[in-house]
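Trainee: Just the structure for this:
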Amino acid sequence: MKNALVIGGSGFLGISLCEHLQAKGYDVTVFDLKPPPHDSGNSFFYGTIEDYNAVEFACRDQEVVFNLAGMLGTSELLEMNAMLDAVKINILGATNVFKACTEAGVRRVFYPTKPNCCLNTYSITKKAGEEFAVAFNRFKNLDVRILRWLNAYGPYQKLFPVRKAVPVMILQALYDLDIEIWGKGEQPVDLIYTEDLAEITAHYTLLDNVDSTVRDTGNTVRMSVNRLAQLIKYLTNSNSGITHKPMRDGENEEIHIEPLPGENAADILGFKNRMTDIETGMLETIEYYKNLPNDYHSQTIKFYSQP
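Mentor: Residues are numbered from 1 along each chain as shown. Here you go, the predicted structure:
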């Protein structure tokens, strides 16, 4: 049995990634601060990537390591303590993983990056992690696979405290509340269903003869935030209105992310036309949030109604 470690494997995208690795015959260990939300058959290792000794121990005897851990947020990470915590987790934590994998002789490592197109803590720290990934590849001969993850959506994404467009819009639509959009809403989002992102990530990382060039995943659907809100309204049969609010600090209304040059991961894998239809993926996502406990819905609505 081949061994894989998924750091942050209890999260939104980690759950799907673990399932794909299991399907490919890997014995998966999840490294996280909490176990997965349901019994997945994976081993579980409690720890934080800020703790080098814990990371190094977890990386022993692993063939491949996926580092999905990170502190998310835009305006949420502008408060000083949160900013420093994000630096520790997203930069120090990432280098801890790269160092531990180098010392433990891990064959391959995956690191997801983000475009650094906004002046916020998350994108700055993820870009720094990306640069360290390239440095460990170049100077320490660590085989790191790096993909830009854009706007993933699907089941298991948290509703709060970090605000993500798709789940919050879905909840607002389900309760006929106004769907809130920051700015004019013409800024684009590049959407990819969680299962598609996990499949591309797993196959691309395990593929031989691929280098550490930073690449896009591919198989995304681009639309404006306004169009996303209208799609969710239509699929939920909602009577919600749409409210536009001033842009939050750390976000950029003029954002326009250009594709990286060269082939993306889906092209390399031959997955170019192998993707979940946007309406199918969104309906499955809506069904997940519809079936969450009512008290969780209430907590979320209360959280976002606070001044």
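
Trainee: Point out where the stretch 1-150 of the chain drops to low pLDDT.
Mentor: Counting by pLDDT under 70, the stretch 1-150 of the chain contains low-confidence ranges at 1, 39-41, 77.

Trainee: Which parts of it are strands?
Mentor: In the stretch 1-150 of the chain, the strands defined using DSSP state E, counting those that start in this stretch lie at 2-7, 26-32, 43-46, 64-67, 108-113, 144-148.

Trainee: Just say which of those is most tucked in.
Mentor: Highest mean neighbour count of these: strand 64-67, a mean of 26 (counted as mean count of other C-beta atoms under 10 Å). (Each C-beta comes from the backbone N, C-alpha and C, glycine too.)

Trainee: Report the distance from that one to the chain centre.
Mentor: 14 Å (C-alpha atoms, centre = their mean, to the nearest Å).

Trainee: quick one: Asp178 and Gln172 touch, right?
Mentor: Yes. If you go by C-beta atoms under 8 Å, Asp178 and Gln172 touch, sitting 6.7 Å apart.

Trainee: Between those two, which has more neighbouring residues?
Mentor: Taking other C-beta atoms under 10 Å, Asp178 and Gln172 do not tie; Gln172 has more neighbours (25 against 13).

Trainee: hmm, back to that, which neighbours do Asp178 and Gln172 share?
Mentor: Ser240 (C-beta atoms under 8 Å, 6 or more residues apart in numbering).

Trainee: Tell me who's in contact with Ala100.
Mentor: Ala100 neighbours (C-beta under 8 Å, 6+ apart): Tyr52, Val55, Glu56, Ala58, Cys59, Val106.

Trainee: Of those residues, which is the nearest to Glu254?
Mentor: Closest approach between those and Glu254, by C-beta to C-beta: Val55, at 38.2 Å.

Trainee: Tell me how many other residues crowd that closest one.
Mentor: So Val55, with other C-beta under 10 Å, has 28 neighbours.

Trainee: Nearest residue to it in space, ignoring adjacent ones along the chain?
Mentor: Ala100 (4.5 Å; C-beta to C-beta, 6 or more residues apart in numbering).

Trainee: Distance of the one you found relative to Lys290?
Mentor: In this view, Ala100 and Lys290 are 41 Å apart by C-beta to C-beta, to the nearest Å.

Trainee: what's the answer for His38, then?
Mentor: 18 Å.

Trainee: Give me the more crowded residue out of the two.
Mentor: Lys290 (12 against 7).

Trainee: what residues are up against the more buried one?
Mentor: Leu174.

Trainee: Kindly report the same for Asn239.
Mentor: Contacts of Asn239 (C-beta under 8 Å, 6+ apart): Asp176.

Trainee: can you check Met282 too?
Mentor: Met282 neighbours (C-beta under 8 Å, 6+ apart): Tyr153, Val166, Leu231, Ile232, Leu235.

Trainee: for it, helix, strand, or coil?
Mentor: Here Met282 is recorded as helix under DSSP: H, G, I helix; E, B strand; the rest coil.

Trainee: And for the one 3 residues further on?
Mentor: Look at Thr285: counting by three-state DSSP, its state is helix.

Trainee: ok, it touching Pro155?
Mentor: Yes. In this structure, Thr285 is within contact of Pro155 by C-beta under 8 Å, at 6.1 Å.

Trainee: coming back round to it: taking the contacts of Ala100 one by one, which sit in helices?
Mentor: The members of the contacts of Ala100 that map onto helices under DSSP state H are Tyr52, Val55, Glu56, Ala58, Cys59.

Trainee: Generate a markdown table for the residues you listed, with distance to Asn239 as supplementary columns.
Mentor: Formatted as a markdown table, these follow (distance: C-beta to C-beta, whole Å):
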| residue | distance to Asn239 |
| --- | --- |
| Tyr52 | 52 |
| Val55 | 49 |
| Glu56 | 54 |
| Ala58 | 49 |
| Cys59 | 51 |
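
Trainee: Please report which of these has the highest neighbour count.
Mentor: Busiest of these [other C-beta under 10 Å] is Val55, holding 28 neighbours.

Trainee: Provide a list of residues in contact with it.
Mentor: Ile7, Phe31, Gly47, Ile49, Asn96, Val97, Ala100.

Trainee: Surely the second one touches Gly11?
Mentor: No. In this structure, Phe31 is not within contact of Gly11 by C-beta under 8 Å, at 11.3 Å.

Trainee: list the buried ones in stretch 251-264?
Mentor: Glu251, Ile257, Asn264 (16 or more other C-beta atoms under 10 Å).

Trainee: Repeat that for stretch 210-218.
Mentor: Val210, Ser212, Val214, Arg215, Asp216, Thr217, Gly218.

Trainee: go on, stretch 60-78?
Mentor: 62-77.

Trainee: for stretch 127-147, same thing?
Mentor: Applying 16+ other C-beta under 10 Å to stretch 127-147 flags 127-130, 132-134, 136-137, 142-147 as buried.
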